[in-house]
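Q: this is a predicted model, with the sequence first.
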Amino acid sequence: MHDGSGRILVQNLSKNFGPVNAVRDLSFAVEPGVVTGFLGPNGSGKTTTLRMALGLVSPSAGAVTINGVPFRQLRNPATVVGAVLEAQSFHPTRTARNHLRCYAAAMNVPDTQVDHALELVGLTGAAHRGAGGFSLGMRQRLALATALLGDPQVLILDEPANGLDPEGIAWLRSFLRSFAASGRTVLVSSHLLREMEHTVDHVVIVSQGECVYNGHLDDLRAEQRSRVLVQASDPAALVTALHEDGLDVETLPDGQLGVTGSDAKSIADRALQAGVAIYGMQDENVDLEQLFFRLTSGQYVAGSPQQDAGPSQHDTGPYQQDTAEAPASGWGPPGGTGSHQQQESQQQDAGQDEPGQRGGLGGGA
Amino acid sequence: MTGLIRSEIRKVFTTNLWWALLIPVAVLSLGSGWMGTGFGSINQIEAELGRPLPLGLLTMSMSTNFSTIFAGLLGALAIAGEHRNKSITTTYLTADSRGAVLAAKLLTYTGLGLLYGVVNVAAGTIGALLGAGTNGLGELADWFSVGGAGLLAMVLWTLLGVGFGAVVASPVVAVMVLLIYKFVFEFIVTSFLLTSDPSGVSAYLPGTAGSGIVGNLAVPVFVRAVSGTNEQMVPQDVFDVLHFFFGGSYGHPWWLSLLTFAGYTAVFVLAGWLVSGRRDVT
């Protein structure tokens, strides 16, 4: 049986679809208590990895364990892992409530949980409508309700923000954070770092099927070093001078110098010393999104992305983290449920006022 | 497992397919039972012979052998349909194993096959009663054996469908292949073999074996009833013609057809189990 740790462990995972290496020797660990973002551009192997974690796709090599065992060895798996996947859907004429009743039976969960789940995701008003008429946002909500039916300890979501409007994303964000805060595990994939920036604590970034960063989001933020762009009368002389000071200087295609590890004032002083005239200087700030681009596509930086990510990888190796406490049981994310329901009812009111928006966040109507 | 079976039962009865396919079964059985026994001239033949003709058993055999395709289609969509609307992902994520899903579906669809069989026999019986009264159904024991064989045929066709649907995982392919095989391919093959089949191969083809479960009971019963003591003198051609329309093959025991068809069903179920257990669900 599983160990109840709530940990997802991906070890040397690979998957080939014919000649295509969708996932290459991927290893990382997902710990309970925090929201882990699984980020990478489209086609970087995120969905395949999640499907391998859930036993839907067989790995070519390596393994994924949840609570210490492969998914397929979990008994009544939906009470341990809930999943919202992109290619998951519903019978078009079966109502939302009947859909949930079908799977509540499969999980041996009492039917009363069905109404709880509908209420939790704000679909009570649409309970008796066929899922075929649902908007993308409503489908995401119904998928989430299905995932939560078994009151799982681990939640895996593949691009859950797709189809949600900004209000829905905000709701999902607070939901996931409180779910994780109750000591449970959340692994959520996205191709947009910005979308996940305020949701996730820990990030695993993949590019072309390989892990390029695995660490805390704050560490990634700390890595973003700003540099100063300098236009000088004699760039070569300035480079020599700055190198003497041990600074990292890059000559850009337009003839400017990119200087890291210093500031405009010190550079100007040094240029004066070296007898080089400064024509212009500019501070350049690399934001998180640009850092993400750098990590996920080698062409943006001179070095390889792996080297870039090197310093922060050592502290988050898959095997090094402590076992967290087993999460609390009970329905929904403790501590956050009340406020969510309140939020939900407000959303439903809004939905009733504007029937045209029923496909969006309110979902009810 | 009880939870998974409950889940499958709910899946079936929260959508419309089960009754949409059951309606043609009832209509066909009732219609063929009624029309097939109610011709005006049959009374005169019976008067000449001096005994009733159990035509209702023949029509029940025919309608069973036609209706089994609906049971087969229902079964085929059990898993293939879930692949189409992508609920198979959720189904696999909420079950102990894929084998458990298949087992739950097989048990649930056994019940559905029985339901289809009962509706078919009941409608066929009502039709025969409307057309010819109790005379159209022969002896009670004959009615029981033909009706019982009809239930078996219906259940086995349903299960064969479940296995086949698990193999192909595509409702379009499953439906097309089943229909084309039963009504085009095997029809052509058996028509060809009708004149030259020295080794009796056609009796072992899936379609003929399936229809033989009922046909090999109903046709001999009917011939015996018509010929009375002169049964040995009935030429094979008569049997061949009757078997061609009402199912089965000359001189072939019904239980051998049952075993043959059960073998096909087992092969498809096993193949479905192996293939669906290894398939990547993307």
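A: Received, thanks.
Q: enumerate every residue touching B:Gly3.
A: By C-beta atoms under 8 Å, 6 or more residues apart in numbering or on different chains, B:Gly3 lies in contact with A:105-108. Every C-beta, even on glycine, is put in place using the N, C-alpha and C of the backbone.
Q: need the three-state assignment for residue 163.
A: Just going to use chain A. Classification of A:Gly163 using DSSP: H, G, I helix; E, B strand; the rest coil returns coil.
Q: my bad, the chain I had in mind was chain B
A: helix.
Q: follow-up on the earlier one: go through the contacts of B:Gly3 and name the one nearest A:Gln88.
A: Comparing these against A:Gln88 with C-beta to C-beta picks out A:Ala106 as the nearest, at 14.5 Å.
Q: B:Leu28 - how many residues pack around it?
A: When neighbours are counted by other C-beta atoms under 10 Å in any protein chain shown, B:Leu28 registers 21.
Q: what is the neighbour count of the nearest residue in space to it that is not next to it in sequence?
A: In this structure, B:Leu28 finds its nearest non-sequential neighbour in B:Ser63, 5.1 Å apart by C-beta to C-beta, 6 or more residues apart in numbering or on different chains. Using other C-beta under 10 Å, B:Ser63 is surrounded by 28 other residues.
Q: and B:Ser63, its phi and psi?
A: Here is the backbone geometry of B:Ser63 (degrees, to the nearest 10): phi -70, psi -30.
Q: dump the residue contacts of it.
A: By C-beta under 8 Å, 6+ apart, the residues touching B:Ser63 are B:28-29, B:31-33, B:120, B:123-124.
Q: about what we covered before: contacting chain B as well, which ones from the contacts of B:Gly3?
A: Among the contacts of B:Gly3, proximity to chain B is found for A:105-108 (C-beta under 8 Å from any C-beta of the partner chain).
Q: in space, what's closest to the most centrally placed residue in chain B - neighbours in sequence excluded?
A: For chain B, the residue nearest the mean C-alpha position is B:Thr68 (3.1 Å; C-alpha atoms, centre = their mean). Nearest residue to B:Thr68, sequence neighbours excluded (C-beta to C-beta, 6+ apart): B:Trp157, at 4.0 Å.
Q: burial count for the one you found?
A: 32.
Q: which helix or which strand is home to it?
A: For B:Trp157, the host element (DSSP states H and E) is helix B:140-168.
Q: determine the set of other helices and strands touching that helix.
A: Counting contacts by 3 or more C-beta pairs under 8 Å, 6 or more residues apart in numbering or on different chains; DSSP states H and E, helix B:140-168 packs against helix B:55-84, helix B:98-132, helix B:171-180, helix B:206-227, helix B:254-278.
Q: in it, which residues are buried?
A: B:142-143, B:145-147, B:149-168 (16 or more other C-beta atoms under 10 Å in any protein chain shown).
Q: the residue nearest to B:Thr68: what's it in contact with?
A: Residues counted as contacts of B:Trp157 (C-beta under 8 Å, 6+ apart) are B:68-69, B:71-72, B:75, B:113, B:210.
Q: can you redo the residues you listed as a markdown table with distance to A:Thr240?
A: Formatted as a markdown table, the contacts of B:Trp157 follow (distance: C-beta to C-beta, whole Å):
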| residue | distance to A:Thr240 |
| --- | --- |
| B:Thr68 | 90 |
| B:Ile69 | 87 |
| B:Ala71 | 87 |
| B:Gly72 | 84 |
| B:Gly75 | 81 |
| B:Gly113 | 88 |
| B:Gly210 | 90 |
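Q: in CSV, list those along with pLDDT.
A: Formatted as CSV, the contacts of B:Trp157 follow (pLDDT from 0 to 100):
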residue, pLDDT
B:Thr68, 94
B:Ile69, 94
B:Ala71, 96
B:Gly72, 96
B:Gly75, 96
B:Gly113, 97
B:Gly210, 91
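Q: which of the residues you listed lies closest to chain A?
A: Comparing the contacts of B:Trp157 against chain A with C-beta to the nearest C-beta places B:Gly75 closest, at 16.9 Å.
Q: does that closest one really touch B:Leu156, like I thought?
A: No. Counting by C-beta atoms under 8 Å, B:Gly75 sits too far from B:Leu156 to count as a contact (9.7 Å).
Q: common neighbours of those two, please.
A: Residues within reach of B:Gly75 and of B:Leu156 at once, by C-beta under 8 Å, 6+ apart, are B:Gly113.
Q: how many other residues sit next to the residue in the stretch 151-300 of chain A that chain B sits nearest to?
A: Nearest residue of the stretch 151-300 of chain A to chain B: A:Ile156, at 9.6 Å (C-beta to the nearest C-beta). Residues near A:Ile156, counting by other C-beta under 10 Å, number 28.
Q: what backbone torsions are found at it?
A: Note on A:Ile156: backbone dihedrals following degrees, to the nearest 10 are phi -120, psi 120.
Q: where along chain A do the strands fall?
A: Taking DSSP state E, the strands of chain A run over residues A:8-17, A:20-30, A:35-39, A:61-66, A:81-84, A:154-158, A:185-190, A:202-207, A:210-216, A:227-232, A:248-251, A:257-260, A:278-284.
Q: now the longest one against strand A:35-39, angle please.
A: By that I understand strand A:20-30. Orientation of strand A:20-30 against strand A:35-39 (axes from the mean of the first three to the mean of the last three C-alpha atoms, to 10 degrees) gives an angle of 160 degrees.
Q: ditto for the first one
A: With the same axes, to 10 degrees as the basis, strand A:8-17 and strand A:35-39 are set at 20 degrees to each other.
Q: okay, strand A:8-17 in PDB with CA atoms only?
A: Taking Å, rounded to 0.1, in the frame of the first residue of the first chain, the C-alpha atoms of strand A:8-17 are listed here in PDB:
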ATOM      1  CA  ILE A   8       5.100  12.600  -6.300                       C
ATOM      2  CA  LEU A   9       8.500  11.300  -7.400                       C
ATOM      3  CA  VAL A  10       9.500  11.300 -11.000                       C
ATOM      4  CA  GLN A  11      12.700   9.300 -11.700                       C
ATOM      5  CA  ASN A  12      14.600   9.200 -14.900                       C
ATOM      6  CA  LEU A  13      11.400   9.400 -16.900                       C
ATOM      7  CA  SER A  14      11.600   9.000 -20.700                       C
ATOM      8  CA  LYS A  15       9.000   8.600 -23.300                       C
ATOM      9  CA  ASN A  16       9.500   8.100 -27.100                       C
ATOM     10  CA  PHE A  17       6.700   8.300 -29.500                       C
END
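Q: strand partners (parallel or antiparallel) of it?
A: Using DSSP bridges, strand A:8-17 pairs in its sheet with strand A:20-30 (antiparallel), strand A:61-66 (antiparallel).
Q: comparing the ones you listed, which gets the lowest mean pLDDT score?
A: For these, mean pLDDT drops lowest on strand A:20-30, to a mean of 91.
Q: and that strand, what's buried?
A: Residues of strand A:20-30 classed as buried by neighbour count (16+ other C-beta under 10 Å): A:21-24, A:26-30.
Q: just stretch B:171-181 next, same as before
A: Buried-residue list, stretch B:171-181, by 16+ other C-beta under 10 Å: B:171, B:174-175, B:177-178, B:181.
Q: ok, and what's touching that stretch?
A: Contact with stretch B:171-181 is made by B:69, B:72-73, B:76-77, B:80-81, B:83-84, B:161, B:164-165, B:168, B:206-207, as judged by C-beta under 8 Å, 6+ apart.
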